[in-house]
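1. predicted coordinates and the sequence they were generated for:
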Amino acid sequence: MSLAAERATDPSNPPGGSGRNLRLTALTKEFSTFTAVRSLDLEIPAGTFFALLGPSGCGKTTTLRMVAGLDLPTSGTIHLGDDEITYAKPYRRPVNTVFQNYALFPHLDIHENVAFGLRRRKVKDVDKQVQEMLELVELESQAKKKPPQMSGGQQQRVALARALINRPEVLLLDEPLGALDLKLRRGMQIEIKRIQTEVGLTFVHVTHDQEEAMTMADTIAVMNAGVIEQMGSPTELYENPRTTFVANFLGQSNLIPGTVSSADGDVVRVDMHGTQVSIPADRAHVTSGNGWVGIRPEKVLVAAEGEPLDAPGNHMSGGVVTDVSFVGVSTQYLVRMPWGQELMAFEQNTGRRAFLTAGTKVDVSWRPEFAFLLPASQDVNAGAIEEA
Amino acid sequence: MNGLQRASRWVSDHIVLAGGLLVLVYMFVPIAIVMLMSFNDNSESRNVYAFRDFTFSNWTNMCGPDGMCESVLRSIGIGLAATLVATILGTLAAFALVRHNFRGRSVMNTVIFLPMASPEIVMGSSLLALFVSGGFGGRLGVVTIFIAHVMFCLSFVIVTVKARLSGLDQNLEQAAMDLYASEATTFWRITFPLVFPGIAAAALLSFSLSFDDFIITNLNAGQTVTFPMYVWGVAQRGVPMQVNVIGTIMFLISLALVLGNMFATRKKA
Ligand SMILES: Nc1ncnc2c1ncn2[C@@H]1O[C@H](COP(=O)(O)OP(=O)(O)OP(=O)(O)O)[C@@H](O)[C@H]1O
Ligand SMILES: [Mg+2]
């Protein structure tokens, strides 16, 4: 499938990634009683795969709808390169959407659904392009069916094909894989990512699946209650979250209360229940007063009391294993610390040593460069998965 | 013993079917009689409700009875005109009521049910009062009948189209606009085809309501005679057998419409 090659040879259809960034400035959407999007600033570089990640109801769909022109913002602007498109009609924007609920035309067959955008623009060769697009989403045998006769996953692929065939400068995908089973979902993730790389278009992908966002996106923006909490590459967000929400929503985190005792140059020292831990300055988002010391569970090392722990510094003793769960590739421990908090620790099942059992007294440690420090004012449970 | 069980089993298996058939018979006996009577030769008889002899003469001499065919044509004409006007106005009103949020919308939504809910005799006499007090008392006829029919058809059209329209996912129109369709293209390519079954149903309903109406029409007709009024009039003296011919034709047309619709939807599926 060489969409990219085809694009390059088609003069009426200049290649995507022609260098127009999508820029949202102070974008705000208020419904009568409710602010769905709050002064959003966002610059999405041309040709990137951008993921907008956030819990249900945080304003993701609303943001996309404003970019597509289906909702008008209360204030703020939307630019594509130097052109302002804030109030442009939806059919005058080089933007297409894969709708969260598909929105396929029930009275048109699959072929005509996919052809719709091309026909409106009076493109030649519609049938051939539709045929290719249907092959891409593996639905070529279904072209004559009507949408209501298809499964949810098939409908979703039609929705994707219908938008993608137009090769817009910006493709908006509103949870396009929500209805697919895991296998198809993984397959489509790879497929979408591959198409994006091939055609070089800007994809804005909305999801509340953090794994999906991390595997697919070049850049992730984590959104919560109408604002962007943090934006960056998947590793950046995971390794150095700036808010408790990001720390909890993207993977899991241990957040331990502590007080900054000194901050000099590259290192911030924190007194954490009597133990001094050090945190690299670029990962410390407070430099005085109280804060949350954050550490990812897989970075926490556990060993039976007195046994060697291969990590310099940040050594704590007096823990007791309270729970062990074996999940195949790894083992997850809960360790109760002397101050009463339970820490999570994930350990790869390398077979290097026997499992610890519940009740074992253990020492806990981690490498200082993996810890991060967040402001105490933030809610420690923000973004965490609700425990049943 | 075994035979008895099997018999009772057979009865219980087929009792629903039998019941259904009885209901069908119940519904279609009158129509069958109308069809049969259209071939009745009763030129010799006073009793118009007894079948005497088979003949085609009612069909060949359809317009025999004085004024009957004229009244049928008049009813069809009024029906078509009222349907056209009521369907267009009602469809526009339905769009306004579903798509636009204006002051008094909820009041309107209730008010449109009134003509459907109030007794025809009330609507008919109040319309007559209106025409008379407006100075049209001497000019009652086709035009006043037409006005009356548009009025009561309107609420049926609005309700029918509204139901279809509010079931229409607005995301579809937005998706069309997202795919480079202007407002007008979106309307003709997406909205109209999807609402059309509702509009067609409303039109058919309007026509049959108009063709059928007696009470309101009778009050506002002046000297004009529609088909229902004609039948009512001649029923005192004995209905001419040709009325059954008209009834049969009307039934066959309805049947053709229903079958055609069934065929069209089956082919699409
Ligand atoms: N037309 C509307 N009127 C009032 N409130 C609205 C309207 N549309 C959306 N909202 C509210 O705005 C908020 C954001 O909605 P949005 O659809 O953008 O969420 P989302 O992030 O896409 O969620 P999900 O992941 O569930 O799709 C929600 O709280 C929603 O209730
Ligand atoms: Mg949404």
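-> All right, it came through fine. Ligands and ions are numbered 1, 2, ... in the order given.
2. every contact and neighbour count from this point should use C-alpha atoms.
-> Will do.
3. grab the most central residue of chain B for me.
-> B:Ser208 (2.0 Å; C-alpha atoms, centre = their mean).
4. check contacts around that residue.
-> Contacts for B:Ser208 (C-alpha atoms under 8 Å, 6 or more residues apart in numbering or on different chains) come out as B:Gly79.
5. which phi and psi does it have?
-> phi -70, psi -30 (degrees, to the nearest 10).
6. do you know how far it is from B:Cys153?
-> 10 Å (C-alpha to C-alpha, to the nearest Å).
7. isn't A:Ala179 right up against A:Gln155?
-> No: between A:Ala179 and A:Gln155 there is no contact under C-alpha atoms under 8 Å: 9.4 Å.
8. ok, the two, which is more surrounded?
-> More neighbours surround A:Gln155 than the other of A:Ala179 and A:Gln155, with 22 against 17 (other C-alpha atoms under 10 Å in any protein chain shown).
9. in terms of helices and strands, where is the more buried one?
-> helix A:152-164 (DSSP states H and E).
10. please list the residues of the stretch 51-200 of chain A that sit near ligand 1.
-> A:55-62 (C-alpha under 6 Å from any ligand atom).
11. including neighbour count and distance to B:Val231, could those go into a markdown table?
-> Output for those, formatted as a markdown table (neighbours: other C-alpha atoms under 10 Å in any protein chain shown; distance: C-alpha to C-alpha, whole Å):
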| residue | neighbour count | distance to B:Val231 |
| --- | --- | --- |
| A:Pro55 | 17 | 70 |
| A:Ser56 | 12 | 66 |
| A:Gly57 | 12 | 65 |
| A:Cys58 | 20 | 68 |
| A:Gly59 | 22 | 66 |
| A:Lys60 | 27 | 66 |
| A:Thr61 | 22 | 63 |
| A:Thr62 | 20 | 63 |
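12. and these, which two are the farthest apart?
-> Using C-alpha to C-alpha, the two most remote members of those are A:Pro55 and A:Thr62, lying 13.2 Å apart.
13. which non-adjacent residue is nearest A:Met188?
-> A:Leu177 (7.5 Å; C-alpha to C-alpha, 6 or more residues apart in numbering or on different chains).
14. next: A:Leu255.
-> Leaving aside its sequence neighbours, A:Leu255 sits nearest to A:Gly294 (C-alpha to C-alpha, 6+ apart; 4.5 Å).
15. is it true that that neighbour lies in a strand?
-> Yes: membership of A:Gly294 in a strand is supported by DSSP: H, G, I helix; E, B strand; the rest coil.
16. for it, list each beta-bridge partner.
-> On the basis of DSSP bridges, A:Gly294 is bridged to A:Leu255, A:Phe372.
17. now do the contacts for it.
-> A:247, A:253-256, A:371-374 are the contacts of A:Gly294 under C-alpha under 8 Å, 6+ apart.
18. let's see it at 6 Å
-> Applying C-alpha atoms under 6 Å, 6 or more residues apart in numbering or on different chains to A:Gly294 gives the contacts A:254-255, A:371-373.
19. retrieve the pLDDT associated with it.
-> Residue-level confidence at A:Gly294 comes out at 94, pLDDT.
20. what do you get for B:Thr60?
-> 87.
21. give me the neighbour count for it.
-> A count of neighbours around B:Thr60, defined by other C-alpha under 10 Å, yields 10.
22. hang on, B:Ser206 packs against B:Leu154?
-> No: here B:Ser206 does not reach B:Leu154: they are 8.1 Å apart, not a contact under C-alpha atoms under 6 Å.
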